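Engineer: Here is the input, now give the coordinates:
(one chain, ligands or ions: 2)
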Amino acid sequence: MKVVKFGGSSLASGRQLEKVLQIVTADRERKVVVVSAPGKRYAEDIKVTDLLIECADDCLQNKDPKEKVAAVLERYAAIANELNLSDGVIQEIHDDLLTRIASDKSKPDRFIDLLKASGEDNNAKLVAAYFRAQGVEAHYVDPKEAGLLVSDEPGNAQALPESYLRLNSLNEQSGIQIFPGFFGYSLSGEVFTFSRSGSDITGSILANALKADLYENFTDVDAVYSVNPSIVQKPKEIKELTYREMRELSYAGFTVLHDEALVPAFRAGIPVNIKNTNNPSAPGTLIVNERDNTNGPVIGIASDKGFCSIYVSKYLMNREIGFGRKLLGVLEDYGLSYEHTPSGIDDVSVILRENQLDEKIMDEVINRIKNELHADEVKVAHSLALIMVVGEGMRRNVGTMAKASKALAKARVNIEMINQGSSEVSMMFGVKEVDEKRAVQALYEEFFVPVTV
Ligand SMILES: Nc1ncnc2c1ncn2[C@@H]1O[C@H](COP(=O)(O)OP(=O)(O)O)[C@@H](O)[C@H]1O
Ligand SMILES: N[C@@H](CC(=O)OP(=O)(O)O)C(=O)O
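Structural biologist: Ligands and ions are numbered 1, 2, ... in the order given. Take a look at the predicted model:
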C-alpha cells in the first residue's frame with residue numbers, strides 16, 4: 001500500500017487534478033492521498049494558503065474580508081468549472097469559510113490556523129467530489145475523526161504519539177481516502193497547523209501509521225537536484241539519498257521536502273519517493289536508509305540566507321567550566337534557538353536565524369553576555385548565508401574540506417566560518433549573503449561538473 005501526497009503546484013488547476021486522478025488510478029496500491037491547498041498556477045500567482053492568511057488578518061483588524069473570501073472561493077470555483085463539477089461542493093466550501101470567519105477571535109494565532117487549515121480541508125472535499133464524479137470510490141477523511149492529534153502550538157504543531165495507532169484504522173476503509181494535509185486537532189478539539197509546507201509531514205505521519213510500503217511525494221520537479229535549480233541551471237539529479245542526507249539538505253534550504261517530513265517515514269523504515277506530477281514516468285528520487293556510495297563524497301549543496309552570528313571571545317575560555325552553558329542559557333532566556341556553535345580555544349560563535357531577534361533583544365543579549373560572562377569581546381555579524389555541503393561519502397574521503405575551501409577561494413568568496421557536523425555527513429560554510437550564489441555555483445562546479453552522469 002502506498003501513501004501519496006500532492007503539493008499545491010499539483011492541485012492548482014482543473015488540468016492538474018486530471019493528472020492527479022490519472023496517477024492515483026494507475027496504481028491500485030495508491031490508497032491514501034494527502035492533498036495540499038491549491039498552489040500557484042504561474043510565478044506571480046498567490047497560493048490559497050497565503051490568501052487565507054490575508055483573509056484572517058483582515059478579520060483580526062476588523063476589516064471586511066469580502067474581497068479575500070471572494071478570491072479564495074474563486075480559486076475553488078475555477079477548478080470546479082474546469083472539471084464540470086456541480087455547484088454543491090463550492091456552496092459547501094463557501095459555507096465552511098463563513099462559519100470559520102464567524103468563529104472566536106480572542107486567540108488570534110488559533111484563528112489564523114483555523115482559516116489556514118481550510119485551504120487543505122476544503123481542497124480534500126473538492127478532490128474527493130471530482131474523483132467520485134469520475135466514477136472512482138473516494139472519501140474525504142476528517143482528520144478529527146481519523147485521530148490526527150497534534151500539540152497546541154499555532155503554526156508549528158507536532159503530531160502526538162497516540163495519533164499513529166488511531167490513524168491505523170484507515171487501513172480498513174474501502175476506496176481511496178482523500179486526507180487533507182497541513183493540520184490536525186489538539187486534545188481539546190481545536191485546529192492547529194504544522195509549519196508552512198507541512199502537508200509533507202501529514203503524508204509521512206500517515207505512511208508510518210498505516211505501515212505503507214512507500215510514501216510518494218508528488219511535486220513539480222523530476223527529482224531532487226544536487227543544488228537548488230534557481231541557483232544553477234539544470235543541475236544533476238539525485239537518484240537516491242539517505243534520510244540523513246535529505247534531512248540535512250531540506251533543513252539547509254532544499255524546500256522541495258519539509259525538513260520534518262522524514263522522521264516518521266524513517267522511524268518506520270518507509271522509503272520516500274519524490275516524483276513529478278507533470279512527468280510521472282520519471283523515476284524521481286528515492287530516499288532510503290542506506291545507499292551505494294558510488295557518486296563521490298558530496299550528494300548535494302544547500303544554502304539559505306537570513307542568519308547572524310554572535311562572536312564571543314574571552315582569554316582562557318577553554319578553562320572556564322560552564323561557559324558554554326551560561327552563554328546558551330542567555331539565549332534560552334529569550335526563547336532563541338541556535339543553528340551552530342563553531343568554537344576555538346578562547347572564542348566561540350553562535351549562529352542564529354536573524355528573524356528571531358529585533359535590535360532591542362540583540363542589545364540585551366550582547367549586554368548580558370558582556371556583563372554576566374565577562375567576555376573580552378562580543379561582535380555581531382549580520383546578513384550571513386549558510387551553505388551546507390552534504391554526503392555520506394565524506395566520511396571515507398580525504399580532502400573534501402580542502403577541495404571546497406579551494407573552490408571558494410578561487411571564486412573570491414571569503415569564508416566567515418566553517419563547521420563540520422559531528423555525524424561527518426555535512427560541512428557548513430558561513431559566507432556573506434551577497435556571496436551566496438557565487439559560492440554555491442563554485443562548489444557545484446568543484447564537486448559535480450567533472451562527474452559524467
Ligand atoms: N534541490 C532541489 N531540488 C528540487 N527542487 C528544489 C530544490 N531546492 C528547491 N527546490 C524547489 O522546490 C520546489 C518544489 O517544492 P514546493 O514548491 O513546496 O512544491 P509543492 O507545491 O509540490 O509542495 C521546486 O519547484 C523547486 O523550485
Ligand atoms: N498549503 C500549505 C501547506 C503545504 O504543504 O503546501 P505545499 O504542498 O504547497 O508546499 C502551505 O502553503 O504552507
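
Engineer: residues from the stretch 151-300 of the chain in reach of ligand 1?
Structural biologist: By CB under 6 Å from any ligand atom, the residues of the stretch 151-300 of the chain that approach ligand 1 are 197, 219-221, 224-225, 228-230, 254-256. (Each C-beta comes from the backbone N, C-alpha and C, glycine too.)

Engineer: one more time with 5 Å
Structural biologist: Within the stretch 151-300 of the chain, the positions adjacent to ligand 1 are 219-221, 224-225, 228, 254-256 by CB under 5 Å from any ligand atom.

Engineer: which residues does the closest residue to ligand 1 within the chain contact?
Structural biologist: Closest contact between the chain and ligand 1, by CB to the nearest ligand atom, is at Gly7 (2.0 Å). By CB atoms under 8 Å, 6 or more residues apart in numbering, Gly7 lies in contact with 36, 39, 199-200, 217-220.

Engineer: Same question for Leu126.
Structural biologist: 76, 79-80, 85, 89, 93.

Engineer: Need the pLDDT of it.
Structural biologist: In this model, Leu126 is scored at 97, pLDDT.

Engineer: what do you get for the one 5 residues further on?
Structural biologist: Per-residue confidence (pLDDT) for Phe131: 98.

Engineer: what about it, distance to Lys125?
Structural biologist: 11 Å (CB to CB, to the nearest Å).

Engineer: I'd say Ala261 and Ser204 touch.
Structural biologist: Yes: using CB atoms under 8 Å, Ala261 is in contact with Ser204, at 4.6 Å.

Engineer: what sits in contact with each of those two?
Structural biologist: Residues touching both Ala261 and Ser204 (CB under 8 Å, 6+ apart) are Val272.

Engineer: residues near Ser343, how many?
Structural biologist: 15 (other CB atoms under 10 Å).

Engineer: An error on my part: the question was meant for Glu392.
Structural biologist: By the measure other CB under 10 Å, the count of residues near Glu392 is 22.

Engineer: if I look at it, how far off is Ser188?
Structural biologist: Distance of Glu392 to Ser188, given as CB to CB: 43 Å.

Engineer: did I read that right, Val398 in a strand?
Structural biologist: No: assigned with DSSP: H, G, I helix; E, B strand; the rest coil, Val398 falls outside any strand and is coil.

Engineer: Could you check the pLDDT of it?
Structural biologist: On pLDDT, Val398 comes in at 81.

Engineer: List the buried residues of the helix or strand harbouring Lys360.
Structural biologist: Using DSSP states H and E, Lys360 sits within helix 359-373. For helix 359-373, the neighbour count (16 or more other CB atoms under 10 Å) marks 362, 365-366, 368-369, 373 as buried.

Engineer: Throw those residues into a markdown table and include pLDDT and distance to Asp45, thanks.
Structural biologist: A markdown table is the format used below for those (pLDDT from 0 to 100; distance: CB to CB, whole Å):
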| residue | pLDDT | distance to Asp45 |
| --- | --- | --- |
| Met362 | 95 | 36 |
| Val365 | 95 | 40 |
| Ile366 | 95 | 42 |
| Arg368 | 95 | 45 |
| Ile369 | 96 | 45 |
| Leu373 | 94 | 49 |
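
Engineer: just these now: which is nearest ligand 2?
Structural biologist: Comparing these against ligand 2 with CB to the nearest ligand atom places Met362 closest, at 28.7 Å.

Engineer: wouldn't that closest one be in contact with Ala381 here?
Structural biologist: No: at 11.8 Å, Met362 does not count as touching Ala381 under the criterion of CB under 8 Å.

Engineer: Look up the closest residue to Arg395, ignoring the ones flanking it.
Structural biologist: Leaving aside its sequence neighbours, Arg395 sits nearest to Glu424 (CB to CB, 6 or more residues apart in numbering; 4.5 Å).

Engineer: Stretch 179-197: how far from the chain's middle?
Structural biologist: In terms of CA atoms, centre = their mean, to the nearest Å, the centre of stretch 179-197 is set 15 Å apart from its chain centre.

Engineer: tell me the secondary structure for the nearest residue to Val272 once chain neighbours are set aside?
Structural biologist: Nearest in space to Val272, with sequence neighbours left out and distances taken as CB to CB, 6+ apart, is Ile287 at 4.1 Å. Following three-state DSSP, the label given to Ile287 is strand.

Engineer: From what I see, Ile287 and Met246 are in contact.
Structural biologist: Yes: using CB under 8 Å, Ile287 is in contact with Met246, at 4.9 Å.

Engineer: how deep is Ala102 tucked in, by neighbour count?
Structural biologist: 9.

Engineer: That one and Val69, how far apart?
Structural biologist: Going from Ala102 to Val69 by CB to CB gives 12 Å.

Engineer: List the buried residues in stretch 311-327.
Structural biologist: 311-314, 317, 323, 327.

Engineer: ugh, typo on my part, it should be stretch 76-95
Structural biologist: So stretch 76-95, judged by 16+ other CB under 10 Å, has buried residues 76-77, 79-80, 83, 85, 89-90, 93-94.

Engineer: now swap in stretch 180-191 and tell me
Structural biologist: Using 16+ other CB under 10 Å as the test for burial, stretch 180-191 gives 180-186, 191.

Engineer: got it, and stretch 42-50?
Structural biologist: Buried residues in stretch 42-50, counted by 16+ other CB under 10 Å: 47-50.

Engineer: Among those, which pair sits farthest apart?
Structural biologist: Across these, the longest distance by CB to CB is 7.4 Å; it joins Val48 and Asp50.

Engineer: With adjacent residues omitted, what lies nearest to Ala159?
Structural biologist: Nearest non-adjacent residue to Ala159 (CB to CB, 6+ apart): Ile205, at 5.1 Å.
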